[in-house]
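Trainee: structure for the following, please:
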Amino acid sequence: MSGRNNENEMISYDKVDPLPTENPFYYNENSKLNSIIKEKEKKIPYIHLGIFLLVIPLLSFLMGLFYIGGIWNPIEKIPDVKYIIVNDDAGCINNESCTQMLGMLNSTTLGSFYTKLNDNNHPAGTFEYMEGSRNDAIEKVEKHKNWVSLYVPKNFTMLVLGNLNLMPGAANSVVVEEIYDEARSYTTVQFLKKALDKAKEAFFNSIAAKVEQYGSFKPQFLISGIEYKEVNLYPVPGFGQNFSSFISFILLWIGTIATALITHFVFPLENHWVEKKDVSHPILKTIGAKTLTNGIIMFAICVIVSVIPLCCGTVEMYKGYAALLFFFFFFSLCGLGVNNCLVHLFHFINFYLIAVTFMILQFISCGGLLHQNIQYGFFKIGKAFPMFYAVRELKYIYFGSGKHTQTANVLIILAWTVVSLPISLFLYYLELKNKRAKINKNTSN
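Mentor: Coordinates of the predicted model:
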């Protein structure tokens, strides 16, 4: 007798469904569509497995192709990048010899020669040209209109022509400022600086060849050339912090998927309130308790993710830790909204597949590793997703870069949150209402 009971107990445990509420609340087992599917399953019992065996490798291939292929050779896209020459050169000032030389060169300033960089479609990119001040050069980079500004100073012509052999005195040092924003995209800037070095060398050689018929440069200047003083408006202290500026949001998004999943399938208070008739406002209490639980879990994850870089070494924090933690939690609300919507709409396996695919799609198009300017057009899809704006905002919080994008960053993430969170709560309300109705029906019977 005892052995039979043990056998029955083993059988009953073997039949326990680990996800008894896997089906969405709107799922109707007796629907016409479901009947057709069941008939098909009888004929082809492994149809669902076959679909997943086809879809999962296909998605893996596509994501790998987009991500690895998208950053395989970013050098190909560098010619599409825009720089700017900001010419503040005043030409020859009260110097007759200099004026005569410029006349022979058919130019008013040597700074305007920088426009020649575009003559041969230089692989470094496109060089826009404007006459302006140093502040104009800085603004072009700060506003993310151009990647690098080459600021040509007022005395550029005087200094360069003063280095001709026919001019008296020692060689002059000629300095042009190379202004850029490293925090905008750390890896992209490293690529562009190398490409720009070749363009600068080509420019100096063209000037040397231009003036050679009127007198060559002094040897010291031919050796040193034009010096380019790097002005990094928003430096990144190390690659690790740059890496954390986008990988942090992957960790947070994984946290929102896990939180939505766990609280959907394992939330004891739901049964405690919804299944009892004598509880007042059971649905409202359950929704409130689950929302609070989601928030507490994600706040703890936000604290952990925000502290990790601080444990690794020196961290640049332009806006302070409080701003960082607040923004992480703000972004997490968006993730909770999206993933709670998905978990109420799809079966467990379908939810997991869609949620992970959407996360990877955001990751490869958020501009974290490489900026979209040196990626293929497909990656511009990232501008529709919250992670793109989160990465951009974190670079402002960390380094101070991109202040002008702050309003757009916050509003677009807020839009995702305002849409997804209420929908997720409404779906949960419908689920609880449906569950409560079934319990009342079974009780009355």
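
Trainee: where do the helices sit along the stretch 201-350 of the chain?
Mentor: Along the stretch 201-350 of the chain, counting by DSSP state H, counting those that start in this stretch, helices occupy 219-224, 239-265, 268-274, 282-312, 321-345, 348-365.

Trainee: show residues contacting the first one.
Mentor: Spelled out, that is helix 219-224. Taking Cβ atoms under 8 Å, 6 or more residues apart in numbering as the criterion, the residues outside helix 219-224 that touch it are 163, 170, 171, 172, 173, 174, 208, 216. C-beta here means a position set from N, CA and C on the backbone, and glycine is covered the same way.

Trainee: which PyMOL command selects the buried ones in those?
Mentor: A single PyMOL command selects the buried members of these (16 or more other Cβ atoms under 10 Å):
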select buried, resi 163+171+172+174
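
Trainee: returning to what we had before: please identify the most buried of the helices of the stretch 201-350 of the chain.
Mentor: Each of the helices of the stretch 201-350 of the chain was scored by mean neighbour count; the highest is helix 321-345, a mean of 21, by mean count of other Cβ atoms under 10 Å.

Trainee: tell me what it is packed against?
Mentor: Based on contacts counted as 3 or more Cβ pairs under 8 Å, 6 or more residues apart in numbering; DSSP states H and E, the elements that helix 321-345 packs against are helix 239-265, helix 282-312, helix 348-365, helix 386-399, helix 406-444.

Trainee: tell me which of those sits nearest to residue 85.
Mentor: When those are compared for distance to residue 85 using Cβ to Cβ, the nearest one is helix 386-399, at 25.7 Å.

Trainee: quick check: angle from the closest one to helix 406-444?
Mentor: Helix 386-399 and helix 406-444 are oriented at 130 degrees to each other (axes from the mean of the first three to the mean of the last three Cα atoms, to 10 degrees).

Trainee: relative to the whole chain's centre, how far out is helix 386-399?
Mentor: Distance of helix 386-399 from the chain centroid (Cα atoms, centre = their mean, to the nearest Å) equals 7 Å.

Trainee: quick check: angle from that helix to helix 239-265?
Mentor: Using the same axes, to 10 degrees, helix 386-399 lies at 130 degrees relative to helix 239-265.

Trainee: show me how the record splits this protein into domains.
Mentor: Dividing the chain into domains by automatic domain parsing, as the record does, gives the ranges 81-232, 238-444.

Trainee: just the closest of the contacts of helix 219-224 to residue 141, please.
Mentor: Within the contacts of helix 219-224, distances to residue 141 taken as Cβ to Cβ reach their minimum at residue 174, with 21.6 Å.

Trainee: surely the closest one is in contact with residue 226?
Mentor: Yes. Applying Cβ atoms under 8 Å as the test, residue 174 and residue 226 come out as touching, 4.9 Å apart.
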